[in-house]
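S.K.: Sequence first, then the predicted structure, then my questions.
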Amino acid sequence: MNYKSILLSTFDVQAIIDGRKTQTRRVIKPHNAVKAARRGGYRQGDGLWIDNKATKDASHGYIKDYSVSSCWINRDIYLAKYSPCQPGDVLWVRETWHVYSERGRITEYIYKANCPDAKIKWRPSIHMPRDAARLFLRVTDVRAEWVQDISEKDAKAEGVIANDAVKVSSYTWWFHQLWDELNAKRGYGWDTNPWVWVFTGISMGKAFCCDFPGSCRSWDYDDYGKTWLAYDRKPEEGSL
């Protein structure tokens, strides 16, 4: 079991707190980003090739990752060896945050997901240290698929909410909009149909809601979290 950080938007964090989000998707990129960059970049098809043609020897197709090998690799083997995380791993969530301190000592952390209208200078999620983390996700399943292969059930598990005002009830349609908002400018929009890692997980941390100002409380953990802290040590870490 490894511990890794994962960056999540305020929307995603709110969905986890509400119990709506149990899945997240990440664009598949070459395993060795530095080596792949020397070959021209990160984009799929530019250092990373995926062939979905099924055969009796490889029911889930092949991947050729030039940052690893110039040979085709069975997709299941590639997933087991090079996926950013594996079932059983724990992801600690990096989210938009703020810290209060007094005389050089931290007194309280607050989070934009709980206080979205607070008139303070929020700190970006990428800069959040592990000590400030309040949400932990245990990975239960990892797989690879085209983003457009998402089912209606999985789109709902991504935490999207159907807006009655637009009169579109499909969770897949709403996920499509959210995906483009986050990924289109990076060249991985819905219409490009990129290959993605699909991570399914369960929340191990308990978030406390707060009203700003004056009544925000610092984070705490439920029973799962206390157990996690009890056996905490210097684990192998990475980031998604």
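M.R.: Alright, I've got the coordinates. Residues are numbered from 1 along each chain as shown.
S.K.: Next, count neighbours for K112.
M.R.: When neighbours are defined as other Cβ atoms under 10 Å, K112 has 20 of them. Where you see a C-beta, it was placed from the backbone N, CA and C, and this is true even at glycine.
S.K.: Disregarding flanking residues, what is the spatial nearest neighbour of it?
M.R.: In this structure, K112 finds its nearest non-sequential neighbour in T96, 4.0 Å apart by Cβ to Cβ, 6 or more residues apart in numbering.
S.K.: per-residue pLDDT, the one you found?
M.R.: T96 is assigned a predicted lDDT (pLDDT) of 96.
S.K.: That one: neighbour count?
M.R.: 20.
S.K.: what does D89 give?
M.R.: Neighbourhood size, D89 [other Cβ under 10 Å]: 23.
S.K.: Q23 now?
M.R.: 17.
S.K.: so what's it up against?
M.R.: Residues in contact with Q23, defined by Cβ atoms under 8 Å, 6 or more residues apart in numbering, are 154, 157-158, 198-201.
S.K.: what do you get for K112?
M.R.: Contact analysis of K112 by Cβ under 8 Å, 6+ apart lists 10, 95-98, 118, 122.
S.K.: In PyMOL, how would I select just the buried ones from those residues?
M.R.: In PyMOL syntax, the buried subset of these is picked out as below (16 or more other Cβ atoms under 10 Å):
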select buried, resi 10+95+96+97+98+118+122
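S.K.: shouldn't H98 be in contact with I120?
M.R.: Yes: in terms of Cβ atoms under 8 Å, H98 counts as a neighbour of I120; the distance is 5.4 Å.
S.K.: and I202, bridged to which residues?
M.R.: When bridges are called by DSSP bridges, I202 pairs up with R138.
S.K.: Which pLDDT value belongs to it?
M.R.: We have a pLDDT of 84 for I202.
S.K.: Of the contacts of Q23, just say which sits nearest to N32.
M.R.: N32 lies nearest to F199 out of these, by Cβ to Cβ, at 20.5 Å.
S.K.: Kindly confirm my reading that that closest one is in a strand.
M.R.: Yes: note on F199: a strand contains this position according to DSSP: H, G, I helix; E, B strand; the rest coil.
S.K.: quick one: contacts for it?
M.R.: Residues near F199 by Cβ under 8 Å, 6+ apart: 23-26, 85, 91, 139, 141-142, 240.
S.K.: can you tell me which two in the residues you listed are farthest apart?
M.R.: The largest separation in those, counting by Cβ to Cβ, is between D141 and L240 at 15.0 Å.
S.K.: Settle it for me: which of those two has more neighbours?
M.R.: Legend: neighbour count by other Cβ under 10 Å for D141 and L240, higher for L240 (17 against 12).
S.K.: Just the local confidence number for the more buried one, please.
M.R.: If you check L240, the pLDDT there is 68.
S.K.: which helices and strands does the longest helix anywhere in the chain pack with?
M.R.: Using DSSP state H, we find that the single longest helix of the chain is helix 171-183. In terms of contacts (3 or more Cβ pairs under 8 Å, 6 or more residues apart in numbering; DSSP states H and E), helix 171-183 is packed against helix 152-157.
S.K.: now do 10 Å
M.R.: Counting contacts by 3 or more Cβ pairs under 10 Å, 6 or more residues apart in numbering; DSSP states H and E, helix 171-183 packs against helix 10-17, strand 23-27, helix 152-157.
S.K.: relative orientation of it and strand 23-27 in degrees?
M.R.: 50 degrees (axes from the mean of the first three to the mean of the last three Cα atoms, to 10 degrees).
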